[in-house]
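Enquirer: This is the structure alone, sequence omitted:
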């Protein structure tokens, strides 16, 4: 997806065992194998994104400890709410239905549509990686003597989480559109 992170689809293809490589040679199994590999790639991608969200949540929990140590109950509530939102989003991403590429799947999804969806995920994944980076301890500092100073960043994080959730919703709508043959 970027220069530092190779395309997961390529990693899945490179890790095919002999049985999977044989499936690619058999005309009736080739499509099945390709779709299953894309499904595996999607699962790996979603788990990595959920891991990043969990890491950002951990960063926010460190901030919450600092806020609690300063007895800043107003910001404590806001940070706690943000942590809950990030945790819920992480669970949705990690545990979303994967679909099925079985022999006689009731819904036909072609490889080009799956690849377009995977490419579409770039903005979603990028937003999550940027959010994780923005919440890192060196960039997120709480000053107990100026508790209002954290409100701007927290409000920005809340908007970012809402944006990520919107991107996730758009992804799910795209999947449903593909599933309906659009």
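Expert: That came through, no problem. On a predicted model such as this, the values are computed, not experimentally measured, just so you know.
Enquirer: okay, CA-based contacts and neighbour counts for the rest of this
Expert: Will do.
Enquirer: three-state assignment of residue 151?
Expert: What DSSP: H, G, I helix; E, B strand; the rest coil gives for residue 151 is helix.
Enquirer: these two touch, right, it and residue 76?
Expert: No - using Cα atoms under 8 Å, residue 151 is not in contact with residue 76, being 10.7 Å away.
Enquirer: So between the two, which is more surrounded?
Expert: Ranked by neighbour count (other Cα atoms under 10 Å), residue 151 and residue 76 place residue 76 first, with 19 against 15.
Enquirer: And the closest residue to residue 61 other than its chain neighbours, how far from residue 53?
Expert: Computed as Cα to Cα, 6 or more residues apart in numbering, the closest residue to residue 61 that is not its neighbour in sequence is residue 83, at 7.1 Å. Residue 83 is 10 Å from residue 53, where distance means Cα to Cα, to the nearest Å.
Enquirer: Give me the phi and psi for the residue nearest to residue 61.
Expert: When read as degrees, to the nearest 10, the backbone of residue 83 gives phi -60, psi -40.
Enquirer: the longest helix in this protein is where?
Expert: The residue-count maximum for a helix in the chain (DSSP state H) belongs to helix 27-69.
Enquirer: Among residue 83 and residue 53, which residue is more densely surrounded?
Expert: residue 53 (26 against 22).
Enquirer: average pLDDT across the helix or strand hosting residue 167?
Expert: Assigned by DSSP states H and E, residue 167 falls within helix 151-179. The average pLDDT within helix 151-179 is 85.
Enquirer: repeat for stretch 128-135
Expert: Mean per-residue pLDDT for stretch 128-135: 96.
Enquirer: buried residues in that stretch?
Expert: Under the neighbour-count criterion of 16 or more other Cα atoms under 10 Å, stretch 128-135 has 128, 129, 131, 132, 133, 134, 135 buried.
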